[in-house]
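Peer 1: have a look at this prediction, sequence included:
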Amino acid sequence: MAEVVTTKLEVRRAVEAARAAGKSIGFVPTMGALHAGHQTLLQRAAENGFVVLSIFVNPTQFGPSEDFLSYPRNLEADRSLAEQAGAHLIFAPAAEEVYAETHSTWVEEEAMTEGLCGARRPGHFRGVATVCLKFFNIVRPDRAYFGLKDYQQFKVVQRTVRDLDLQLEVIGVATHREADGLAMSSRNAYLSAEARQWALAIPRALQQAREIVERGERSPRTVTDLIRAELVAEGKLKVEYIEIVDAETLELVVPLVGQVLIAVAVYCGDARLIDNVLVECRPEA
(Lines give C-alpha, C1' and ligand atoms only; values in the text may rest on other atoms or scores of the structure.)
Protein backbone atom coordinates (compact mmCIF):
# COMPACT_ATOMS: atom_id res chain seq x y z
CA MET A 1 0.00 0.00 0.00
CA ALA A 2 1.40 3.39 -1.00
CA GLU A 3 2.12 5.65 1.94
CA VAL A 4 0.79 9.22 1.72
CA VAL A 5 2.99 11.86 3.35
CA THR A 6 2.60 15.60 3.52
CA THR A 7 5.96 16.93 4.72
CA LYS A 8 9.41 17.27 3.21
CA LEU A 9 10.95 15.56 6.22
CA GLU A 10 8.80 12.44 5.71
CA VAL A 11 9.78 12.25 2.03
CA ARG A 12 13.47 12.60 2.79
CA ARG A 13 13.37 9.90 5.47
CA ALA A 14 11.54 7.47 3.15
CA VAL A 15 13.92 8.12 0.27
CA GLU A 16 16.97 7.76 2.51
CA ALA A 17 15.67 4.39 3.73
CA ALA A 18 15.11 3.23 0.15
CA ARG A 19 18.62 4.29 -0.85
CA ALA A 20 20.07 2.53 2.19
CA ALA A 21 18.33 -0.61 0.89
CA GLY A 22 20.16 -0.20 -2.42
CA LYS A 23 17.19 1.09 -4.43
CA SER A 24 17.23 3.76 -7.12
CA ILE A 25 14.59 6.50 -6.95
CA GLY A 26 12.06 7.27 -9.68
CA PHE A 27 9.90 10.39 -9.44
CA VAL A 28 6.63 11.30 -11.17
CA PRO A 29 5.53 14.89 -10.43
CA THR A 30 1.81 15.54 -10.98
CA MET A 31 -1.01 17.89 -10.05
CA GLY A 32 -3.29 14.97 -9.29
CA ALA A 33 -6.55 14.14 -11.11
CA LEU A 34 -4.67 11.04 -12.19
CA HIS A 35 -5.63 9.08 -15.30
CA ALA A 36 -4.24 6.30 -17.48
CA GLY A 37 -1.52 8.61 -18.78
CA HIS A 38 -0.16 8.97 -15.26
CA GLN A 39 -0.34 5.20 -14.86
CA THR A 40 1.93 4.91 -17.89
CA LEU A 41 4.43 7.26 -16.25
CA LEU A 42 4.36 5.26 -13.03
CA GLN A 43 4.76 1.99 -14.88
CA ARG A 44 7.80 3.39 -16.66
CA ALA A 45 9.17 4.67 -13.34
CA ALA A 46 8.95 1.11 -12.00
CA GLU A 47 12.35 0.53 -13.60
CA ASN A 48 13.55 2.04 -10.31
CA GLY A 49 13.37 0.23 -7.00
CA PHE A 50 11.39 3.01 -5.27
CA VAL A 51 8.79 5.24 -6.96
CA VAL A 52 7.68 8.59 -5.55
CA LEU A 53 4.60 10.37 -6.91
CA SER A 54 3.87 13.97 -5.98
CA ILE A 55 0.36 15.43 -6.04
CA PHE A 56 0.46 19.19 -5.79
CA VAL A 57 -1.68 21.74 -7.61
CA ASN A 58 1.04 24.33 -7.91
CA PRO A 59 -0.41 27.85 -7.51
CA THR A 60 2.62 29.58 -9.02
CA GLN A 61 2.09 28.13 -12.50
CA PHE A 62 -1.48 29.42 -12.85
CA GLY A 63 -2.30 32.88 -14.16
CA PRO A 64 -4.91 35.08 -12.47
CA SER A 65 -7.65 34.12 -14.96
CA GLU A 66 -6.79 30.40 -15.09
CA ASP A 67 -8.40 27.40 -13.43
CA PHE A 68 -6.42 26.99 -10.20
CA LEU A 69 -9.47 26.97 -7.91
CA SER A 70 -11.52 24.67 -10.16
CA TYR A 71 -8.70 22.27 -11.06
CA PRO A 72 -9.96 18.75 -10.23
CA ARG A 73 -8.78 17.35 -6.89
CA ASN A 74 -9.53 13.86 -5.52
CA LEU A 75 -6.75 12.47 -3.33
CA GLU A 76 -8.44 9.18 -2.50
CA ALA A 77 -9.08 8.33 -6.16
CA ASP A 78 -5.52 9.38 -6.98
CA ARG A 79 -4.11 7.20 -4.21
CA SER A 80 -6.00 4.15 -5.49
CA LEU A 81 -4.76 4.61 -9.06
CA ALA A 82 -1.20 5.31 -7.93
CA GLU A 83 -1.10 2.17 -5.81
CA GLN A 84 -2.36 0.03 -8.70
CA ALA A 85 0.36 1.49 -10.93
CA GLY A 86 3.15 0.73 -8.45
CA ALA A 87 3.85 3.95 -6.55
CA HIS A 88 5.54 3.38 -3.20
CA LEU A 89 5.24 6.89 -1.75
CA ILE A 90 2.78 9.73 -2.46
CA PHE A 91 3.88 13.23 -1.50
CA ALA A 92 0.80 15.45 -1.19
CA PRO A 93 1.90 18.66 0.54
CA ALA A 94 -0.06 21.80 1.31
CA ALA A 95 1.09 24.98 -0.39
CA GLU A 96 2.52 26.20 2.93
CA GLU A 97 4.84 23.18 3.04
CA VAL A 98 6.22 23.97 -0.41
CA TYR A 99 6.39 27.78 -0.31
CA ALA A 100 7.43 29.80 2.70
CA GLU A 101 5.31 32.87 3.34
CA THR A 102 8.30 35.01 2.31
CA HIS A 103 9.28 32.88 -0.70
CA SER A 104 11.16 35.10 -3.18
CA THR A 105 13.46 32.85 -5.22
CA TRP A 106 12.52 31.72 -8.73
CA VAL A 107 13.92 29.56 -11.52
CA GLU A 108 13.46 30.96 -15.00
CA GLU A 109 14.52 29.36 -18.30
CA GLU A 110 14.84 32.08 -20.93
CA ALA A 111 15.18 30.41 -24.35
CA MET A 112 12.68 27.57 -24.59
CA THR A 113 9.76 29.44 -23.02
CA GLU A 114 9.43 32.20 -25.64
CA GLY A 115 6.93 30.46 -27.92
CA LEU A 116 4.09 27.93 -27.68
CA CYS A 117 2.41 28.03 -24.25
CA GLY A 118 5.14 30.24 -22.82
CA ALA A 119 4.08 33.15 -25.02
CA ARG A 120 0.43 32.84 -23.93
CA ARG A 121 0.86 32.03 -20.25
CA PRO A 122 3.26 34.61 -18.74
CA GLY A 123 4.99 33.25 -15.65
CA HIS A 124 3.72 29.71 -16.16
CA PHE A 125 7.08 28.10 -16.82
CA ARG A 126 8.74 30.09 -14.06
CA GLY A 127 6.31 28.38 -11.70
CA VAL A 128 6.90 24.98 -13.32
CA ALA A 129 10.69 25.22 -13.24
CA THR A 130 10.71 26.50 -9.67
CA VAL A 131 8.43 23.82 -8.23
CA CYS A 132 10.24 21.07 -10.15
CA LEU A 133 13.62 22.19 -8.81
CA LYS A 134 12.19 22.32 -5.30
CA PHE A 135 10.75 18.82 -5.61
CA PHE A 136 13.96 17.50 -7.14
CA ASN A 137 15.84 18.85 -4.12
CA ILE A 138 13.32 17.28 -1.74
CA VAL A 139 13.06 13.85 -3.40
CA ARG A 140 16.59 13.65 -4.87
CA PRO A 141 15.49 11.16 -7.55
CA ASP A 142 17.74 9.40 -10.02
CA ARG A 143 15.13 9.76 -12.76
CA ALA A 144 12.04 11.93 -13.25
CA TYR A 145 9.28 11.15 -15.75
CA PHE A 146 7.19 13.60 -17.79
CA GLY A 147 4.48 13.01 -20.38
CA LEU A 148 5.22 14.36 -23.85
CA LYS A 149 1.75 15.84 -24.25
CA ASP A 150 3.26 18.71 -22.27
CA TYR A 151 6.29 18.68 -24.55
CA GLN A 152 7.42 22.24 -23.84
CA GLN A 153 7.30 21.54 -20.11
CA PHE A 154 9.44 18.44 -20.62
CA LYS A 155 12.06 20.36 -22.61
CA VAL A 156 12.11 23.30 -20.17
CA VAL A 157 12.65 20.97 -17.21
CA GLN A 158 15.28 19.01 -19.13
CA ARG A 159 17.15 22.24 -19.97
CA THR A 160 16.88 23.51 -16.39
CA VAL A 161 18.36 20.27 -15.06
CA ARG A 162 21.20 20.46 -17.57
CA ASP A 163 21.98 24.12 -16.98
CA LEU A 164 21.92 23.85 -13.18
CA ASP A 165 23.98 20.62 -13.12
CA LEU A 166 21.48 18.45 -11.30
CA GLN A 167 22.40 14.77 -11.10
CA LEU A 168 19.13 13.62 -12.55
CA GLU A 169 17.85 12.03 -15.75
CA VAL A 170 14.68 13.63 -17.16
CA ILE A 171 12.74 11.07 -19.20
CA GLY A 172 9.93 11.83 -21.63
CA VAL A 173 7.13 9.29 -22.02
CA ALA A 174 4.88 9.15 -25.09
CA THR A 175 1.42 10.71 -24.85
CA HIS A 176 -1.22 8.26 -23.71
CA ARG A 177 -4.36 8.46 -25.84
CA GLU A 178 -7.94 7.27 -25.61
CA ALA A 179 -9.01 4.65 -28.14
CA ASP A 180 -10.44 7.44 -30.33
CA GLY A 181 -7.15 9.38 -30.30
CA LEU A 182 -7.90 12.12 -27.76
CA ALA A 183 -4.86 12.82 -25.61
CA MET A 184 -5.34 11.95 -21.95
CA SER A 185 -5.53 15.10 -19.83
CA SER A 186 -6.85 15.98 -16.40
CA ARG A 187 -8.67 18.88 -18.07
CA ASN A 188 -10.71 16.44 -20.17
CA ALA A 189 -12.88 16.23 -17.05
CA TYR A 190 -14.21 19.67 -17.98
CA LEU A 191 -15.65 18.38 -21.28
CA SER A 192 -19.30 17.53 -21.75
CA ALA A 193 -20.06 14.47 -23.85
CA GLU A 194 -20.79 16.78 -26.80
CA ALA A 195 -17.64 18.86 -26.32
CA ARG A 196 -15.56 15.73 -26.13
CA GLN A 197 -16.70 14.83 -29.63
CA TRP A 198 -15.74 18.30 -30.85
CA ALA A 199 -12.29 17.81 -29.31
CA LEU A 200 -11.61 14.82 -31.56
CA ALA A 201 -10.81 17.31 -34.31
CA ILE A 202 -7.50 17.94 -32.49
CA PRO A 203 -5.89 14.48 -32.93
CA ARG A 204 -7.53 14.22 -36.36
CA ALA A 205 -5.90 17.47 -37.51
CA LEU A 206 -2.51 16.50 -36.11
CA GLN A 207 -2.63 13.12 -37.81
CA GLN A 208 -3.44 14.77 -41.14
CA ALA A 209 -0.52 17.15 -40.61
CA ARG A 210 1.82 14.28 -39.81
CA GLU A 211 0.79 12.48 -42.98
CA ILE A 212 1.42 15.39 -45.35
CA VAL A 213 4.81 16.13 -43.78
CA GLU A 214 5.79 12.48 -44.08
CA ARG A 215 4.74 12.63 -47.74
CA GLY A 216 7.16 15.52 -48.27
CA GLU A 217 5.37 18.81 -47.47
CA ARG A 218 7.95 21.27 -46.11
CA SER A 219 5.97 24.54 -45.90
CA PRO A 220 4.93 25.37 -42.32
CA ARG A 221 2.19 27.63 -43.68
CA THR A 222 0.65 24.83 -45.71
CA VAL A 223 0.69 22.48 -42.74
CA THR A 224 -0.73 25.00 -40.26
CA ASP A 225 -3.46 26.02 -42.73
CA LEU A 226 -4.49 22.37 -43.01
CA ILE A 227 -4.63 22.00 -39.23
CA ARG A 228 -6.60 25.21 -38.77
CA ALA A 229 -9.15 24.24 -41.40
CA GLU A 230 -9.81 20.92 -39.66
CA LEU A 231 -10.02 22.48 -36.20
CA VAL A 232 -12.51 25.19 -37.13
CA ALA A 233 -14.57 23.15 -39.61
CA GLU A 234 -17.46 22.63 -37.18
CA GLY A 235 -17.19 26.08 -35.62
CA LYS A 236 -16.91 24.65 -32.11
CA LEU A 237 -13.22 25.05 -31.29
CA LYS A 238 -11.28 28.27 -30.73
CA VAL A 239 -7.65 28.04 -31.84
CA GLU A 240 -5.12 29.69 -29.53
CA TYR A 241 -2.06 28.67 -31.51
CA ILE A 242 -0.72 26.29 -34.11
CA GLU A 243 3.09 26.18 -34.25
CA ILE A 244 5.74 23.98 -35.82
CA VAL A 245 9.11 24.11 -34.09
CA ASP A 246 12.40 22.26 -33.94
CA ALA A 247 11.91 19.37 -31.52
CA GLU A 248 15.17 20.09 -29.69
CA THR A 249 15.37 23.89 -29.56
CA LEU A 250 11.65 24.77 -29.86
CA GLU A 251 12.59 27.41 -32.44
CA LEU A 252 10.46 27.97 -35.53
CA VAL A 253 11.74 26.11 -38.60
CA VAL A 254 11.27 27.28 -42.21
CA PRO A 255 11.31 25.14 -44.28
CA LEU A 256 10.62 22.07 -42.21
CA VAL A 257 13.76 20.01 -41.63
CA GLY A 258 14.91 17.41 -39.10
CA GLN A 259 12.63 16.38 -36.28
CA VAL A 260 9.82 18.87 -35.70
CA LEU A 261 7.07 19.30 -33.15
CA ILE A 262 3.65 20.21 -34.49
CA ALA A 263 1.79 21.68 -31.51
CA VAL A 264 -1.65 23.17 -30.94
CA ALA A 265 -3.57 24.81 -28.12
CA VAL A 266 -7.35 24.95 -28.50
CA TYR A 267 -10.28 26.04 -26.39
CA CYS A 268 -13.12 23.55 -26.40
CA GLY A 269 -15.81 25.34 -24.45
CA ASP A 270 -14.02 26.59 -21.35
CA ALA A 271 -11.38 23.85 -21.44
CA ARG A 272 -7.95 24.69 -22.80
CA LEU A 273 -6.53 21.58 -24.48
CA ILE A 274 -3.03 21.08 -25.85
CA ASP A 275 -1.67 18.32 -28.04
CA ASN A 276 1.22 17.66 -30.40
CA VAL A 277 2.94 15.19 -32.66
CA LEU A 278 6.62 14.68 -33.39
CA VAL A 279 7.48 14.18 -37.07
CA GLU A 280 10.77 13.34 -38.75
CA CYS A 281 11.28 15.33 -41.96
CA ARG A 282 13.29 12.82 -43.91
CA PRO A 283 15.50 14.12 -46.74
CA GLU A 284 14.32 13.58 -50.29
CA ALA A 285 15.53 10.28 -51.73
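Peer 2: Everything's here; your move.

Peer 1: measure residue 233 to residue 48 for me?
Peer 2: Using Cβ to Cβ, to the nearest Å, residue 233 is found at 45 Å from residue 48. Placement of C-beta: from N, CA and C, glycine included.

Peer 1: same deal with residue 185?
Peer 2: 25 Å.

Peer 1: pick out whichever of these two has more residues nearby.
Peer 2: Applying other Cβ atoms under 10 Å to residue 185 and residue 48 shows that residue 185 carries more neighbours, namely 23 against 20.

Peer 1: just the helices from the stretch 1-150 of the chain, written as ranges.
Peer 2: Secondary structure of the stretch 1-150 of the chain (DSSP state H, counting those that start in this stretch): helices at 8-20, 36-45, 75-84, 95-98, 116-120, 124-139.

Peer 1: closest one to residue 191 among those?
Peer 2: helix 36-45 (15.5 Å; Cβ to Cβ).

Peer 1: list the buried residues for that closest one?
Peer 2: Across helix 36-45, burial judged by 16 or more other Cβ atoms under 10 Å covers 37, 38, 39, 40, 41, 42, 44, 45.

Peer 1: again, but for stretch 242-258
Peer 2: Residues 242, 243, 244, 245, 247, 250, 253, 256 are the ones in stretch 242-258 that count as buried (16+ other Cβ under 10 Å).

Peer 1: try stretch 108-116
Peer 2: 109, 112, 113, 115, 116.

Peer 1: confidence score at residue 285?
Peer 2: With respect to pLDDT, residue 285 scores 46.

Peer 1: hang on, the earlier thing: with distance to residue 196 and pLDDT added, can I get the buried residues of stretch 108-116 in a markdown table?
Peer 2: A markdown table is the format used below for those (distance: Cβ to Cβ, whole Å; pLDDT from 0 to 100):
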| residue | distance to residue 196 | pLDDT |
| --- | --- | --- |
| 109 | 33 | 98 |
| 112 | 31 | 97 |
| 113 | 30 | 97 |
| 115 | 28 | 96 |
| 116 | 24 | 98 |
